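In: here is a sequence with its predicted model. Questions after.
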Amino acid sequence: MTTATNRGTRPVPAATLDAVAERLSPTRLRRVAAIAPYTTFRIGGPADLLYDADTGDDLAEAIDSAESAGVDWFVLGLGANVLVGDGGYRGLVIRNRARHVTWHSDGRCIAESGTVMADLIRDAVSAGWSGLEHYVGIPSTVGGAIWQNLHFLSPAPDRERTMFIAEVFDSCRVRRESGERTTVDASYVGFGYDDTVFHHTRDVVLDVTFRLARGDVFDMHRILQENLSWRGARHPWLEHHPSAGSIFKKIEGIGAGRLVDQCGLKGFRIGDAQISHIHANIMVNLGHASATDVRALIAHAQRAVFEKFGHHLEPEIGFIGSFDPP
Ligand SMILES: Cc1cc2nc3c(=O)[nH]c(=O)nc-3n(C[C@H](O)[C@H](O)[C@H](O)COP(=O)(O)OP(=O)(O)OC[C@H]3O[C@@H](n4cnc5c(N)ncnc54)[C@H](O)[C@@H]3O)c2cc1C
């Protein structure tokens with residue numbers, strides 16, 4: 001996702017929010033609730049309504065409720081690829097906590113879209129199913145992984161190509177923007193680099209069928225360890241330095257981070273938002289960064305790179321909700 005929309009920015013009358021709230025389970029619904037703790041950047045103002053959906057059907061029905069009241073809605077996975085505005089979200093934010101997984105003896109695995117990739121990878125490897133281990137250490141739900149076409153390098157030592165989650169995808173059940181529930185295949189999803197149909201429509205993934213292969217457990221553990229240590233050495237650690245991963249889209253053959261680095265911007269900060277000392281395409285929250293700080297830092301890096309190299313850096317993360325002061 002690259003563009004900000006105006007969704008989640010217009011004030012919603014209290015009676016309209018009440019109409020949506022009435023259709024949601026009260027025990028999983030909060031009002032004027034902080035979104036920041038549910039993002040890896042730990043930034044962003046409150047949602048008018050924050051709802052935890054606990055099954056795929058619950059997720060689809062929550063969207064139905066918002067749609068029928070004309071209220072804006074947003075599906076949040078692990079919040080690893082978003083910057084939520086300081087003004088928060090006017091409408092309904094649905095945290096996807098639909099996490100049921102069914103394993104089949106032929107290697108098919110059906111995972112609800114809120115399943116955390118780390119959990120799925122752990123269970124697949126311990127059962128001897130291969131195909132997901134390459135994506136270890138990437139914060140994502142299953143739904144976010146399909147939205148993004150999650151990718152990482154093929155195993156060491158060669159690391160000669162980029163692997164994509166599309167390679168183990170069989171099909172998924174979606175709520176289409178028309179409201180219809182249906183199962184779709186890879187041709188519908190249209191997997192590209194950081195791109196799928198879900199970037200261009202309001203379709204939402206409810207569950208995903210993966211097709212995994214029998215693998216050697218020791219080999220898979222080797223890949224897990226090598227990939228985790230590769231990431232640990234090159235990326236700031238989320239536990240200490242919250243971030244949204246790469247801020248700018250890749251520029252083929254050049255590298256967005258390399259351009260930012262060559263402008264001497266590693267360590268440059270605005271407020272508590274800083275360009276990481278160890279990876280120039282990652283911005284970190286030093287503690288109290290606001291979305292305004294991050295946007296100013298993005299603009300600063302874009303300006304510097306354009307003036308020095310003539311390249312326009314395009315943000316890779318999604319800008320969610322209202323960027324007006326709270
Ligand atoms: C430290 C770090 C490292 C990263 N490394 C990598 C990497 O190596 N490779 C890589 O590919 N990515 C990487 N990323 C990016 C991020 O992990 C992926 O984009 C991930 O897929 C986001 O998943 P999520 O569940 O957090 O989605 P969110 O950030 O919550 O949402 C992102 C978008 O997906 C949409 N979405 C979420 N769930 C659904 C659904 N069920 N149906 C339809 N749309 C949905 C949201 O509405 C939103 O528009 C990294 C991020 C971080 C923070």
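Out: Everything's here; your move. Numbering: from 1, shown residues only.
In: going forward, measure contacts between C-alpha atoms and count neighbours the same way
Out: Will do.
In: check which helix or strand covers Val305.
Out: helix 291-309 (DSSP states H and E).
In: give the pairing partners of the helix or strand following that helix; include direction for each.
Out: Read in the C-terminal direction, the helix or strand following helix 291-309 is strand 318-320, with elements assigned using DSSP H and E. Using DSSP bridges, the strands paired with strand 318-320 in its sheet are strand 82-84 (parallel).
In: gap between Leu286 and Leu49?
Out: 28 Å (CA to CA, to the nearest Å).
In: looking at the two, which is more packed in?
Out: In this comparison of Leu286 against Leu49, neighbours counted by other CA atoms under 10 Å, the higher total goes to Leu49 at 22 against 17.
In: wait, isn't the more buried one in contact with Leu29?
Out: Yes - using CA atoms under 8 Å as the test, Leu49 is close enough to Leu29 to be in contact (6.9 Å).
In: mutual contacts of these two, please.
Out: Taking CA atoms under 8 Å, 6 or more residues apart in numbering as the criterion, Leu49 and Leu29 both touch Ala21.
In: can you give me the strands for the stretch 51-200 of the chain?
Out: Secondary structure of the stretch 51-200 of the chain, counting by DSSP state E, counting those that start in this stretch: strands at 73-76, 82-84, 89-96, 101-103, 108-112, 129-130, 151-153, 162-164, 169-175, 181-184.
In: so can I have JSON lines of those showing distance to the ligand, mean pLDDT and mean neighbour count?
Out: Rendered in JSON lines, the data for the strands of the stretch 51-200 of the chain read as follows (distance: least, CA to the nearest ligand atom, whole Å; pLDDT from 0 to 100; neighbours: other CA atoms under 10 Å):
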{"stretch": "strand 73-76", "distance to the ligand": "4", "mean pLDDT": "98", "mean neighbour count": "22"}
{"stretch": "strand 82-84", "distance to the ligand": "5", "mean pLDDT": "98", "mean neighbour count": "26"}
{"stretch": "strand 89-96", "distance to the ligand": "7", "mean pLDDT": "98", "mean neighbour count": "26"}
{"stretch": "strand 101-103", "distance to the ligand": "14", "mean pLDDT": "98", "mean neighbour count": "13"}
{"stretch": "strand 108-112", "distance to the ligand": "8", "mean pLDDT": "98", "mean neighbour count": "23"}
{"stretch": "strand 129-130", "distance to the ligand": "18", "mean pLDDT": "98", "mean neighbour count": "23"}
{"stretch": "strand 151-153", "distance to the ligand": "4", "mean pLDDT": "96", "mean neighbour count": "16"}
{"stretch": "strand 162-164", "distance to the ligand": "8", "mean pLDDT": "97", "mean neighbour count": "18"}
{"stretch": "strand 169-175", "distance to the ligand": "8", "mean pLDDT": "98", "mean neighbour count": "21"}
{"stretch": "strand 181-184", "distance to the ligand": "13", "mean pLDDT": "98", "mean neighbour count": "15"}
